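*Asks:* Quick check, what structure comes out for this input:
(one chain, ligands or ions: 2)
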Amino acid sequence: MIQLSILKITEYGPWTLTLGSDREHELQMLQASLYKEVQKLFSDKNCIVFLNRADEFFVVSNGLELEDHIQIQRTLEKLFDIRLNISIGYGDSPFEANLKAYEGKKNKIMLNIEHNIFGFVNSKSKSQISIMHLDVDNLTSRRQTNSPYEISSIIFELYSKMSKFFLEKNSLTFFMGGDNFMVISNDDAKKSVQAFINMIKSDDKISLNCGIGNATTGREAVKLATKSLDTIREIRDSGKEKPEVYELSC
Ligand SMILES: Nc1nc2c(ncn2[C@@H]2O[C@H](COP(=O)(O)OP(=O)(O)OP(=O)(O)O)[C@@H](O)[C@H]2O)c(=O)[nH]1
Ligand SMILES: [Mg+2]
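*Replies:* Ligands and ions are numbered 1, 2, ... in the order given. From the prediction side, this is the model:
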């Protein structure tokens with residue numbers, strides 16, 4: 001079971017208008033500081049936050065009760081002028097958890113009125129979280145032939161293909177910066193990642209490495225996924241033939 005908490009700024013559109021036209025720099029600073037706080041508050045509770053379109057956050061929140069969410073909301077309300085709402089959902093796949101959170105919000109299933117928390121918390125079922133950390137092999141060599149903006153364009157096209165491919169497996173892909181992507185995964189996504197790597201290699205001439213981590217908290221799963229990715233690099237750099245996918249569990 002995977003639990004997701006989706007944080008979104010309440011009435012953000014109308015609020016941005018109150019700042020006038022000279023607002024974009026202010027909004028970018030606000031979004032950056034908000035992300036920093038949200039990542040700090042949730043990672044302190046062994047969760048991991050994925051930034052979604054800069055004004056929304058997806059948190060792998062297994063192990064967190066309603067009370068933890070209320071505590072985080074109280075802190076955020078003290079720090080910022082804007083308010084956030086939280087929709088919580090769970091499911092066997094990350095996509096189902098996202099749907100349940102969405103339904104909770106849409107059908108106004110309130111968990112806490114004062115702090116704008118909706119949805120469904122599951123503290124009983126066994127947590128099972130799989131994260132895949134994908135990274136382009138030797139992106140640095142591309143810099144010899146492609147300028148910074150051309151590289152960005154290649155990376156975003158890759159992101160688009162990855163998001164589509166893994167959504168069909170009920171899994172959710174996020175861009176982490178640089179040439180890094182993370183997929184909140186289920187078994188189906190993990191089983192098909194080699195096929196995805198093969199497809200991108202043959203269609204786009206891009207080599208990918210994928211580290212997988214399985215754990216009971218989001219932060220631990222991400223740690224193991226990155227450790228797996230670093231293991232692939234170590235094998236490669238020692239001169240041995242490297243695997244493209246490596247998996248660790250705790
Ligand atoms: N989010 C995130 N970004 C990273 C991480 N490691 C590297 N980066 C970013 O990715 C960019 C590319 O770095 P690398 O992937 O190490 O470079 P590379 O030439 O592709 O080397 P290999 O991946 O080892 O083949 C860096 O400039 C960083 O911006 C990471 O663990 N997480
Ligand atoms: Mg790389």
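*Asks:* Contacts for the helix or strand where residue 87 lies next, please.
*Replies:* Secondary structure from DSSP states H and E places residue 87 in strand 84-91. Strand 84-91 has contacts (CB atoms under 8 Å, 6 or more residues apart in numbering) with 1-10, 61, 66, 69, 73, 76, 96-105, 111, 115-122, 125. Any C-beta I mention is one placed from the backbone N, CA and C, and that applies to glycine too.
*Asks:* Ok, stretch 109-129 next?
*Replies:* 1-3, 10, 60, 62-66, 69-70, 73-74, 77, 83-90, 100-101, 103-105, 108, 184, 214-218, 220-221.
*Asks:* Would you mind checking those for buried ones?
*Replies:* Buried positions within these, assessed by neighbour count (16 or more other CB atoms under 10 Å), are 1-3, 60, 62-64, 66, 69, 73, 84-90, 100-101, 104-105, 184, 214-215, 217-218, 220-221.
*Asks:* Tell me which residue lies nearest the centroid of this structure.
*Replies:* Note on the chain: the residue nearest the mean C-alpha position is residue 50, at 3.2 Å, using CA atoms, centre = their mean.
*Asks:* quick one: buried residues of whatever helix or strand residue 50 lives in?
*Replies:* Using DSSP H and E, residue 50 maps to strand 48-52. Neighbour counts over strand 48-52 (16+ other CB under 10 Å) mark 48, 49, 50, 51 as buried.
*Asks:* ok, residue 31 touching residue 53?
*Replies:* No - judged on CB atoms under 8 Å, residue 31 makes no contact with residue 53 at a distance of 9.8 Å.
*Asks:* Settle it for me: which of these two has more neighbours?
*Replies:* residue 31 (16 against 8; other CB atoms under 10 Å).
*Asks:* In contact with that one, which residues?
*Replies:* When contacts are counted by CB under 8 Å, 6+ apart, residue 31 touches 54, 55.
*Asks:* how far away is it from ligand 1?
*Replies:* 17 Å (CB to the nearest ligand atom, to the nearest Å).
*Asks:* for the helix or strand where that residue lies, what is the average pLDDT?
*Replies:* Secondary-structure element containing residue 31, defined by DSSP H and E: helix 24-43. Averaged over helix 24-43, pLDDT sits at 97.
*Asks:* How about stretch 172-180?
*Replies:* Per-residue scores along stretch 172-180 average to 97.
*Asks:* Is there any residue in that stretch that contacts ligand 1?
*Replies:* Yes - with CB under 6 Å from any ligand atom as the measure, stretch 172-180 is seen reaching ligand 1 through 176, 177, 178, 179, 180.
*Asks:* show me where this structure has strands.
*Replies:* 2-9, 48-52, 56-60, 84-91, 110-112, 117-119, 129-136, 172-177, 180-185, 208-215, 245-249 (DSSP state E).
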